[in-house]
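Chemist: quick one, structure for this:
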Amino acid sequence: MTLRHRVPPPTEGDGKLKNPTPARAPAPMPARSAVRPPLRAPGDLPASITVFLIAVPLSLGIALATGAPPQSGLVAAVVGGVVAGALGGAPLQVSGAATSLVVVTAGLVDRYGWRATCAVTVLAGLAQLLLGVLRVARAALAVSPAVVHGMLAGIGVVIAVGQLHVVLGGSPQNSAVANIKALPGQLTDSHPVAPLVGAVTVAVLLGWPRLRDRVGDRVGGRAGGVLRTVPAPLAAVAVATAAAAGLSVPRVELPAWRAPGLPEMPDGPVLGVVAVVLTVTLVASMESLLSALAVDALQATRQPAAQVAPVRLDRELLGQGAANVVSGLLGGLPIAGGAMRGSANVAAGARTRRATVLHGVWVLVCAGLAAGALEAIPLAALAALVMLVGVRMVSFAHIRHVRRHREFPVYAATLGTVVVLGVLQGVAAGIALAAVLALRRLTHTRVTVTKVYAGEIKESLKSDKSEEKEESQEKVQDACARVSVRVTGQLTFLAVPRLVRALAQVPDGAEAVVELDGSFMDHAASEALRGWCARHRARGGRVSLGDGAGRALREPAHTHTCRPWTPWRNHHCTRPERQPATGGGQLLGGVSAFQRHTAPLVREELARLAREGQRPTQLFLTCADSRLVTSMITSSGPGDLFTVRNVGNLLPPPGSDASCDSVAAAVEYAVEVLEVSSITVCGHSGCGAMAALLAAAPEPGAQTPLARWLRHGRPSLARMARDLGGPDGGAALADRPVADDHEALSLANVMQQLDHLAAHPGVARRITEGRLQLHGMYFHVGEAQAYLLDHASGIFTAVRPDPAPPAETAAPAPPAAPPAGPGGDGPTAYELTTKV
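Modeler: Prediction:
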């Protein structure tokens with residue numbers, strides 16, 4: 001359910017507060033896939049013009065980088081907009097000449113010629129059509145993200161190095177290695193003017209977004225609004241063209257338009273032709289599918305109220321295939337969807353696929369009527385544009401992401417192989433290395449045995465110790481009081497011999513603790529461990545299974561194994577032994593339990609947040625009531641919520657008492673600095689502030705701090721009285737009647753604080769820009785039930801739990817293990833799961 005305030009359509013947050021249950025009064029909405037686009041979509045026309053202004057210089061630059069005729073880039077833009085836009089499965093994705101295929105296409109043009117390259121484009125389109133008919137689009141996304149990002153980064157490096165030669169006034173070589181070797185000579189023998197044109201282009205590209213906003217604010221009015229819509233690529237090329245007027249620099253040369261010749265089959269070995277066709281198919285399909293998902297996610301965040309059909313990847317593959325067939329027949333470059341053009345389309349307010357189709361029409365009109373203006377563009381400006389696009393393909397965010405997942409070797413191997421050998425070889429090398437690393441992680445297991453003797457002597461033994469070492473320990477086995485067997489890594493059938501050898505070192509009758517520091521155990525390992533546990537217990541010994549942090553393992557009852565309610569049950573589970581039941585003792589016990597159980601689990605994440613800073617997506621404004629635990633209600637963790645709490649979850653409106661600026665300061669910080677995408681105001685049942693307002697609303701001359709603060713609740717009290725006297729009765733609950741005036745005031749207070757929130761200038765501006773969404777929420781403490789507000793109807797609807805998936809089969813665990821929780825035994829980090 002999309003929650004909207006009385007302002008222009010806001011953006012949606014990260015989806016945590018969405019409620020799938022429909023409201024009581026409104027009629028149910030049709031499914032997204034069944035929504036037909038409106039007859040008039042006011043955002044489509046300006047969006048199509050914005051994307052057209054980006055596509056023209058980018059298409060010319062890509063054609064220049066590949067060595068193809070300049071008009072081939074424009075043909076690809078037209079066909080990508082009209083054919084792929086009309087037939088594809090991602091309505092807001094904009095397709096055209098593919099940046100990721102620059103390296104491959106340049107090699108095809110150099111090796112086979114232009115007409116043969118068009119034939120390869122046609123064949124790749126037919127292959128995409130076949131893949132779409134076979135419905136394998138989802139399977140293509142199974143490739144490791146490290147391989148995909150490494151491939152794109154390698155392509156970006158090759159593009160940037162090659163286009164740097166053009167910026168310097170020369171010509172690129174036929175390989176990245178040759179370009180790197182020739183770069184020193186090119187630097188010493190560069191064109192006198194072309195590098196300056198390229199530098200101007202890069203400077204405008206980097207500085208235009210900030211300069212555009214400043215100049216637009218100064219100019220103001222309609223002129224300032226028009227200036228803000230000018231995209232950076234168009235501004236950079238225009239400024240560079242104006243700066244190079246009258247100078248002797250190489251410029252775009254558009255041959256006379258004529259009917260394209262039929263493509264010719266490449267002249268070479270069949271296997272070589274098949275390889276290049278598969279390369280174009282793979283790269284174009286991967287970029288298109290990933291871009292479609294990225295654009296769909298961006299659209300859901302920026303335009304939550306827009307009824308846009310969901311992405312259909314198989315249909316998108318069919319549309320891309322048809323576009324490549326048509327582009328190849330008409331003499332155009334290979335086509336793929338691009339995240340840059342698609343994100344610009346969404347940001348400009350596109351609602352339907354008409355924006356994509358219209359952008360292709362505008363490119364066609366421009367190519368026919370503005371050829372003279374295009375021929376005035378310096379080649380160095382287009383090369384600098386494409387060079388910067390290539391540089392941005394090496395994303396440091398992607399590098400940090402793959403490092404966190406320990407896949408940087410795959411990323412680096414893919415990038416390096418693409419630069420040195422080529423795209424297909426780089427993808428193959430990345431996939432092979434990813435498979436090797438996955439197999440190593442699955443099979444690499446280390447088993448360590450630690451024996452604790454009665455005399456407090458500790459000695460660590462590896463499971464593969466020599467027989468001599470084992471014999472030397474037999475003399476002191478009788479004194480062994482406790483044995484710890486720690487298994488690090490995945491426990492599969494390959495590690496069963498090592499596990500059995502380690503377990504054989506445990507003396508009969510001793511207490512054994514088996515710690516499983518991994519995430520997977522197969523059936524063979526589970527049976528071996530289960531059988532040994534039964535035999536050891538039969539011989540009088542004791543066995544307990546734990547995870548890497550030493551907590552007992554339990555059978556998973558649900559996929560979400562954290563039970564955050566346990567630590568707060570009267571603090572019985574966190575109170576230290578022999579400690580009086582005082583507030584200080586409870587607090588000390590809770591902190592001690594955190595340091596012992598929870599800190600080892602969150603230390604790595606908190607260290608990352610300390611390095612990178614907080615980046616919450618939501619501001620959560622709620623009451624200071626001790627019964628409201630925001631992390632428990634929202635299932636949040638460190639870095640998720642920026643929380644503001646006060647008595648009554650009140651937000652003084654702008655212009656009120658200056659002594660109440662603390663809440664407004666927090667809102668300003670969250671909106672302007674942290675740039676949160678959603679703000680939630682959460683009230684609750686049994687609120688003491690609401691009870692005080694009902695008993696006797698504080699007068700303007702109130703003296704105590706609490707009474708002065710509660711004066712900000714008087715508008716909520718007036719709203720409740722006004723709504724109760726109105727025709728619709730004010731705020732309501734969808735599933736039951738409002739219990740009493742106390743609950744009615746709590747609901748009205750949430751709606752009133754949303755009005756106060758929307759009156760703040762920063763919040764109102766972000767909502768108008770479509771970058772912020774407001775939520776209303778009510779939590780009934782006695783029912784442990786959250787309700788979400790549909791502001792259009794004034795109805796609070798209960799949030800229903802997702803259906804629980806069936807539990808996995810688990811290995812035996814001690815039946816008397818206590819429940820897990822952050823303050824008790826901590827959230828379970830490892831579930832002993834048997835997978836057959």
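Chemist: run through the neighbouring helices and strands of the host helix or strand of residue 753.
Modeler: Per DSSP states H and E, residue 753 falls inside helix 741-759. Identification of packing neighbours for helix 741-759 by 3 or more Cβ pairs under 8 Å, 6 or more residues apart in numbering; DSSP states H and E yields strand 678-684, helix 688-695, helix 714-724, helix 761-768, strand 773-780, strand 785-790. Glycine gets a C-beta too; all of them are placed from N, C-alpha and C.
Chemist: buried residues in the helix or strand just after the second one, which are they?
Modeler: The reference is to helix 688-695. As assigned by DSSP H and E, the chain's next helix or strand after helix 688-695 is helix 705-710. The neighbour-count check on helix 705-710 (16 or more other Cβ atoms under 10 Å) flags 708, 709, 710 as buried.
Chemist: got TSV for those, with distance to residue 638 too?
Modeler: Converted to TSV, these look like this (distance: Cβ to Cβ, whole Å):
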residue	distance to residue 638
708	34
709	30
710	33
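Chemist: among those residues, which one lies nearest to residue 183?
Modeler: residue 709 (66.9 Å; Cβ to Cβ).
Chemist: still on that earlier bit, return the member of the buried residues of helix 705-710 nearest to residue 667.
Modeler: Distance to residue 667 across these (Cβ to Cβ) is lowest for residue 709, with 16.6 Å.
Chemist: let's have the buried residues of helix 705-710 in JSON lines, adding pLDDT.
Modeler: As requested, the buried residues of helix 705-710 are exported to JSON lines (pLDDT from 0 to 100):
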{"residue": "708", "pLDDT": "84"}
{"residue": "709", "pLDDT": "87"}
{"residue": "710", "pLDDT": "87"}
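Chemist: from the residues you listed, pick the one nearest residue 414.
Modeler: Relative to residue 414, the closest of the buried residues of helix 705-710 is residue 709; by Cβ to Cβ it sits at 58.6 Å.
Chemist: residues touching the closest residue to that closest one other than its chain neighbours, list them.
Modeler: Nearest residue to residue 709, sequence neighbours excluded (Cβ to Cβ, 6 or more residues apart in numbering): residue 647, at 6.2 Å. Applying Cβ atoms under 8 Å, 6 or more residues apart in numbering, we find residue 647 in contact with 623, 624, 688, 689, 706, 709, 710.
Chemist: coming back round to it: out of the helices and strands packed on helix 741-759, which is closest to residue 77?
Modeler: In terms of Cβ to Cβ, the element of the helices and strands packed on helix 741-759 nearest to residue 77 is helix 761-768, at 31.9 Å.
Chemist: who are the packing partners of that closest one?
Modeler: Secondary-structure packing of helix 761-768 (3+ Cβ pairs under 8 Å, 6+ apart): helix 661-668, helix 741-759, strand 773-780.
Chemist: deepest of these, which one?
Modeler: Most buried of these, by mean neighbour count (mean count of other Cβ atoms under 10 Å): strand 773-780, with a mean of 24.
Chemist: got the angle between it and helix 761-768?
Modeler: 110 degrees (axes from the mean of the first three to the mean of the last three Cα atoms, to 10 degrees).
Chemist: show me what strand 773-780 is packed against.
Modeler: Packed next to strand 773-780, using 3+ Cβ pairs under 8 Å, 6+ apart, are strand 678-684, helix 741-759, helix 761-768, strand 785-790.
Chemist: if we can go back for a sec, tell me the one among the buried residues of helix 705-710 nearest to residue 153.
Modeler: residue 709 (54.1 Å).
Chemist: list the contacts for that closest one?
Modeler: With Cβ under 8 Å, 6+ apart, residue 709 has these contacts: 646, 647, 648, 650, 660.
Chemist: between those residues, which has the most around it?
Modeler: residue 648 (25 neighbours; other Cβ atoms under 10 Å).
Chemist: what's that one sitting at in phi/psi?
Modeler: With angles defined as degrees, to the nearest 10, residue 648 sits at phi 90, psi 10.
Chemist: which residues touch it?
Modeler: Here residue 648 is in contact with 623, 687, 689, 690, 693, 709, 710, 712, 713, 749 (Cβ under 8 Å, 6+ apart).
Chemist: now, which of those residues sits nearest residue 609?
Modeler: Taking Cβ to Cβ as the measure, residue 609 lies nearest residue 623 of these, at 26.0 Å.
Chemist: surely residue 638 and residue 609 touch.
Modeler: Yes: assessed by Cβ atoms under 8 Å, residue 638 is found in contact with residue 609 at 6.0 Å.
Chemist: give me the below-cutoff pLDDT ranges for the stretch 401-550 of the chain.
Modeler: Counting by pLDDT under 70, the stretch 401-550 of the chain has low-confidence residues at 453-481, 519, 548-550.
Chemist: that older thread, out of the helices and strands packed on strand 773-780, which is closest to residue 371?
Modeler: Closest to residue 371 of these is helix 761-768 (Cβ to Cβ; 39.9 Å).
Chemist: tell me which residues in the closest one are buried?
Modeler: 762, 763, 764, 766, 767.
Chemist: which one of the residues you listed is nearest to residue 91?
Modeler: residue 767 (24.7 Å).
Chemist: just confirm residue 449 is within a strand.
Modeler: Yes: per DSSP: H, G, I helix; E, B strand; the rest coil, residue 449 lies within a strand segment.
Chemist: and the strands in the stretch 201-350 of the chain?
Modeler: 335-338 (DSSP state E, counting those that start in this stretch).
Chemist: mind listing what's buried in the longest helix along the chain?
Modeler: Scanning the chain for the helix with the most residues, using DSSP state H, yields helix 270-302. For helix 270-302, the neighbour count (16+ other Cβ under 10 Å) marks 273, 276-277, 279-296, 298-302 as buried.
Chemist: contacting residues around residue 345?
Modeler: Residue 345 touches 47, 50, 51, 92, 93, 94, 295, 355, 356, 359, counting by Cβ under 8 Å, 6+ apart.
Chemist: what's the burial count for the first one?
Modeler: Taking other Cβ under 10 Å as the criterion, the count of residues near residue 47 is 28.
Chemist: same question, the fifth one
Modeler: Applying the criterion other Cβ under 10 Å, we find 34 residues in the vicinity of residue 93.
Chemist: contact partners for it?
Modeler: Residues in contact with residue 93 (Cβ under 8 Å, 6+ apart) are 84, 85, 288, 291, 292, 295, 316, 337, 342, 345, 356.
Chemist: and what of the fourth one?
Modeler: Under the criterion of Cβ under 8 Å, 6+ apart, the contact partners of residue 92 comprise 295, 296, 299, 308, 342, 345, 346, 350, 353, 355, 356.
Chemist: and with 7 Å instead?
Modeler: 295, 299, 308, 342, 345, 346, 350, 356 (Cβ atoms under 7 Å, 6 or more residues apart in numbering).
Chemist: turn the residues you listed into a markdown table, columns for pLDDT.
Modeler: Below are the contacts of residue 92 laid out as a markdown table (pLDDT from 0 to 100):
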| residue | pLDDT |
| --- | --- |
| 295 | 81 |
| 299 | 75 |
| 308 | 59 |
| 342 | 82 |
| 345 | 83 |
| 346 | 83 |
| 350 | 84 |
| 356 | 92 |
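Chemist: show me the shaky parts of the stretch 651-800 of the chain.
Modeler: Applying pLDDT under 70 to the stretch 651-800 of the chain flags residues 656-659, 697-702, 725-729.
Chemist: likewise the stretch 101-250 of the chain?
Modeler: Low-confidence segments of the stretch 101-250 of the chain (pLDDT under 70): 140-141, 221, 224-225.
Chemist: how about the strands in the stretch 1-150 of the chain?
Modeler: 94-97.
Chemist: nearest to residue 396 among the contacts of residue 648?
Modeler: When the contacts of residue 648 are compared against residue 396 (criterion: Cβ to Cβ), the nearest one is residue 623, at 40.8 Å.
Chemist: count the residues that sit near that closest one.
Modeler: If we define neighbours as other Cβ under 10 Å, then residue 623 has 24 of them.
Chemist: so what's it closest to, chain neighbours aside?
Modeler: residue 649 is the one closest to residue 623 (Cβ to Cβ, 6+ apart), at 4.5 Å.
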